[in-house]
Structure formats: structure tokens, C-alpha cells
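> here's a sequence, model it:
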Amino acid sequence: MTLTRIGLSVLLGVVGLLGLRLWCLRRKLPPPPLVLPLLAAASWALGATVPLELVPRGQRLWFSLADELLVAFATIRLLIWLGLEWPAGLGWWRKPPELLVQLLTLGGCALAAIVILRQEARLDLLSLITTSAVLTAVVGLASQEALKDLISGLELQLSDDFRVGDWIELSSGQSGIVTSISWRDCSLRTLDDCLLVVPNSKITSDVLNNRSHFGHCAQRFKVGLDYDYPPARAEKLLTELVAAHPEVLADPAPRVRLASFDDSAITYEIQVWNRAGGGVSQLDLRGALLSQIWYALRREGQSIPFPVRQVEPRRPHPVGDLDVPVSPEVGCQELGRAGLFADLSEGQRLALAHSSQTASFGPGEVIVREGAEGDSLYVVLSGRVEVSKRLDGRERVVAALGEHQVFGEMTLFLDAPRSATVRALEECRLLRVGRPAVKRLLQDDPQLLERFAALVAARRAELDHLSQEERGQQSHGLLTAMRRLFSAVAGS
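Below is the predicted model of the structure:
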């Protein structure tokens, strides 16, 4: 065979292999192996172009054997890819574990080496190994544990017990996210962001808990509440609060159970589910929920009791500004900075502040939810809140509000459901202005109804980008709706 034909044959083979690999990658199919076929092609080209006369006489046999062995190894690897990995990529069966492919390749290459060496070099490797009893015993004893780990690793990769990315716990106490499964051990990423290496044989002999096998994880924690707080109200509050968190799944729904009557508190067990993730995300979620429970209890006038060891009255301890209500004078000033109430007289704002209440919310808490009923608006005294709406089936953030800004006026004046969800971005204090307080204000000055209608219409027009004519029509419609709502006061 001439050098031109040899070079052309090798070139065509390499180009065909690379083209097939590129075609498979584009269609997200398992690509054919590359290393062994390229080595075999290079060895075949070298053996076909170099005359045996140039090779030393003692090395000629091994020179030809290397060529045959590499071609055999490449053929075996390509057959494994074609018969096992390629059909899995087409969806005929599940993807074979990498360890199984490696073992089949190793076994096939070893068998091919034994056959070729016996036929070409008259070298019987099996007889050589079996006749050496001492060597066989030493190798068997040394590889006993490694063989157990190898078999266990193959068992783990063939089963559906867990995969890379799952969060597993062993009965012996180890836990973490699976990062890799090799022939010898499994590597886990622990909650402390450390690498934990566990032998495969230990995992198969231990009791395994896969916390993320079904796509979501559950966790349970307990909260103790005061005996003065009725259990029905407590369970309702806790259920609504944890269900409002965006990371808590609605299916399965969160559960709140009365766990026990303890010395100083009624203990409730809270069970929530979130999407499968690491243990760190579980701890973050639990911390966020406990923080929000504290703020919600504070707004309800409740607290988490502590064990009492002495017979004496318990003295409340204010926690910073959260327990201090806003004075009417300060509330009057804050209302004056809010655009909706800026045109009111000082006396009117003072009367409105007398009937308003303050509320504190923790980071991530839902203040109002889209579609819910209500009869109040809120003025942001400190902190920031986020406004979001469901658009195209997804919840999207549409605005962020800071100090002296108002939200919820549509619900107060029109008795309409909440048009958006408002969530606290950080610890914030709000001034809640209810509809009864506005009714008492309108009793003294019914003309305020038209002013409020104009302000609400202007606010809605800005959000909806209405023209001047459309603003006038909407303002008239809002005034009619507000008169109907406040008919007992406006006298329409």
C-alpha cells in the first residue's frame, strides 16, 4: 500500500470519526470515543509505512503486536459505544453508568490482549498467573476491600437509590450533597462546605435516607407559644404565614400540628416542603420562617414564652422601636409627607393618626397578597417593600416603595381585592389606615370624597398610562363607586 493511500485512508477515518462526534453532540447524543481510535489509526499508519527491516530483530514482534492490540482495543471501545451508549441516547433504555462502561472496556481489552498474545507471541498469561499461587494470594488479599468497593459502586450506579446532586443521609450520621460516584467511594459536600468521602461498601451496608429523591424536601421544626393564645388562632396564623413564603410548596401543603402542652408554652410542630436542594437552603428557609413568625406574633400582641423558674410577675421588655407605637403627632407628620394625605389640614391628619395603627414586618414577609380582601391602606414609615403581580402566569416585580409612600388605597376606597402582592424587603414599620377612620373623617368634611377620588384616579392613571380624556372618565367612575361605598357618610 503506497504512502498516499495510507495517508488518505487515515485522513478519511479521522475526519469521519470527528464528523460523527460533532453530529452526535449537536443532537445531544453520546459521542463516539476518540482517544483509542486515534491511537489505533496512528499505530496502523506507522506499522504500514515503516518497513520491518528498519526495526531491530528483537523488537519486530512487539512492534506488530502493539498495532494489533491498539486496533483491537479501539474496536472493542467502539462496539461498546455502539451497542450500549448509543441506544441509551436514543431513549431505548437508561444511560449506562460510567463505571459499567469502564469495566466492560477493561474486561474486553484484557480478553483481547490474552487472545492476541497467545496466538501471536505464544504467551499464555492465564497459566502464568494461576501457577503463581503466592502472587495470586497476595493480590487477592490486597484487593479484597477494593473489590468490595468496586462491586458496591457498580450496584449504586445501576440502582435508582440516589444520583449526583441528591441530598442523602446515612444512619451513622453523615450527610451531604452527592458530588461524584466512583468505583471506590462517593464524595459528599457537607453542610459546612467540606468534602466527605465515604467508601461504597459502607453506603450499601448502611441505612440510606435520600431527602431529595422525589423532587422536594420536607423539614419539621417546633415553636412554643403562650397558653393565652388559642390553639385554633395559633394554627391558623402559623399556617398562613409559612404558606406565604415563596420557597414553600403549595403541594404538599404546609402542616401545623399541636405537638404538646409543655411547662411554659404550647408547642406546635410545623412541617413544610420546598424544592429539592442542599441542607444549607433548608437551614436558610427555617431561619427565615422563624424570623417571620416572631414579627407576626409581635403584631398579634403575642410572644414566645420563656421558662419561668420563679413565682413572680413577668415584666415585658420592649424590643427597640418595634414595641413603641407611633404618637399621633408623629403620625400626623408622616401622613403629611404622604402624597395622598398631603392636602389635608393638620387637624384632619391628627384625627386620622389617632385612629391608625403601626405594624412591623420582617424581611420576606407578605404584607398583602394579590386577590385578598381588605379595608385599609398602608404608609411606609421605615424600610422598603416590593410590589409584585402575576403576569403571564409568573409573579413579576413591578415596583419598590420606600418611606412616606402609600399602597392599598384602591382596596380602601373601592372595596376591591388587592391588585398586587406586597412583600417586605427588609425590616419595616407601616402605618395602617383603615376604612372606619376615613369614614369618621368624611363625616366632618364630605367634600373630601371628591378630593380623594381625584387623587386615586390620578394614581391609577399613572399606572395605566391613560390619556387626559380617559382620566376624566375614570375619575367620574371612581367617584361614583366611592360614593356608593361611603353612602352612609356621603348621603348619596
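
> quick one, domains of the chain?
According to automatic domain parsing, the chain comprises the domains 26-142, 161-210, 216-299, 328-490.

> and the helices in the stretch 101-250 of the chain?
Under the criterion DSSP state H, counting those that start in this stretch, the stretch 101-250 of the chain contains helices at 125-131, 133-142, 144-158, 200-205, 231-243.

> TSV for the domains of the chain, including distance to residue 305, mean pLDDT and mean neighbour count?
Yep, even glycine has a C-beta here, placed from its N, CA and C like the rest. Formatted as TSV, those follow (distance: least, C-beta to C-beta, whole Å; pLDDT from 0 to 100; neighbours: other C-beta atoms under 10 Å):
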stretch	distance to residue 305	mean pLDDT	mean neighbour count
domain 26-142	54	71	14
domain 161-210	30	81	16
domain 216-299	5	88	16
domain 328-490	20	80	17
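
> how about JSON lines for these, with distance to residue 15 added?
As requested, those are exported to JSON lines (distance: least, C-beta to C-beta, whole Å):
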{"stretch": "domain 26-142", "distance to residue 15": "11"}
{"stretch": "domain 161-210", "distance to residue 15": "35"}
{"stretch": "domain 216-299", "distance to residue 15": "44"}
{"stretch": "domain 328-490", "distance to residue 15": "47"}
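
> can you tell me which of the ones you listed is nearest to residue 4?
For the domains of the chain, proximity to residue 4 was assessed by C-beta to C-beta; domain 26-142 is nearest, at 10.9 Å.

> picking that back up, nearest to residue 18, out of the domains of the chain?
domain 26-142 (8.0 Å).

> report the beta-bridge partners for residue 167.
Under DSSP bridges, the beta-bridge partners of residue 167 are residue 177.

> test my guess that it contacts residue 212.
Yes: taking C-beta atoms under 8 Å as the definition, residue 167 is a contact partner of residue 212 at 4.6 Å.

> who are the packing partners of the helix or strand hosting residue 294?
Here residue 294, judged by DSSP states H and E, is contained in helix 279-299. With contacts taken as 3 or more C-beta pairs under 8 Å, 6 or more residues apart in numbering; DSSP states H and E, helix 279-299 sits against strand 175-181, strand 216-225, helix 231-243, strand 266-275, strand 357-361.

> got these as TSV, with distance to residue 91 columns?
Shown next, in TSV, are these (distance: least, C-beta to C-beta, whole Å):
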stretch	distance to residue 91
strand 175-181	23
strand 216-225	26
helix 231-243	39
strand 266-275	26
strand 357-361	50
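
> so what touches stretch 333-348?
Outside stretch 333-348, the residues that touch it by C-beta atoms under 8 Å, 6 or more residues apart in numbering are 326, 332, 349, 352-353, 377, 379, 381, 403-406, 409, 431, 433, 441, 444-445, 448, 451-452, 455, 459.

> strands along the stretch 251-400 of the chain, start to end?
Counting by DSSP state E, counting those that start in this stretch, one finds strands in the stretch 251-400 of the chain at the ranges 255-261, 266-275, 357-361, 366-368, 376-382, 385-391, 394-401.

> rebuild those strands as TSV, extending it with distance to residue 151.
Output for the strands of the stretch 251-400 of the chain, formatted as TSV (distance: least, C-beta to C-beta, whole Å):
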stretch	distance to residue 151
strand 255-261	42
strand 266-275	34
strand 357-361	57
strand 366-368	52
strand 376-382	64
strand 385-391	53
strand 394-401	48
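
> out of the ones you listed, nearest to residue 244?
Here strand 366-368 is closest among these (C-beta to C-beta), at 4.1 Å.

> distance from that closest one to the middle of the chain?
Here strand 366-368 shows a centroid-to-chain-centroid distance of 22 Å under the convention C-alpha atoms, centre = their mean, to the nearest Å.

> tell me the strands beside that strand, with direction?
Going by DSSP bridges, the partners of strand 366-368 are strand 421-424 (antiparallel).

> show residues contacting the partner strand.
With contact meaning C-beta under 8 Å, 6+ apart, strand 421-424 is reached by 361-370, 378, 383-389, 395, 401, 407-408.

> and stretch 395-412, end to end?
24 Å (C-alpha to C-alpha, to the nearest Å).

> what about stretch 376-395, start to end distance?
Note: stretch 376-395 ends 23 Å apart using C-alpha to C-alpha.

> give me the distance from that stretch to the chain's centre.
For stretch 376-395, the distance to the chain centre is 23 Å (C-alpha atoms, centre = their mean).

> for the stretch 301-450 of the chain, which segments count as helices?
Using DSSP H, counting those that start in this stretch, helices in the stretch 301-450 of the chain cover 328-337, 346-354, 409-414, 435-444, 448-464.

> got a markdown table for the ones you listed, with distance to residue 107 too?
Below are those laid out as a markdown table (distance: least, C-beta to C-beta, whole Å):
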| stretch | distance to residue 107 |
| --- | --- |
| helix 328-337 | 79 |
| helix 346-354 | 84 |
| helix 409-414 | 72 |
| helix 435-444 | 80 |
| helix 448-464 | 70 |
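
> nearest to residue 236, of the ones you listed?
helix 409-414 (21.5 Å).

> tell me what the closest one is packed against?
Partner elements for helix 409-414 (3+ C-beta pairs under 8 Å, 6+ apart): strand 376-382, helix 435-444, helix 448-464, helix 468-485.

> what's the spacing between that helix and its chain's center?
Worked out by C-alpha atoms, centre = their mean, helix 409-414 lies 36 Å from the chain centre.

> many thanks, have a good one.
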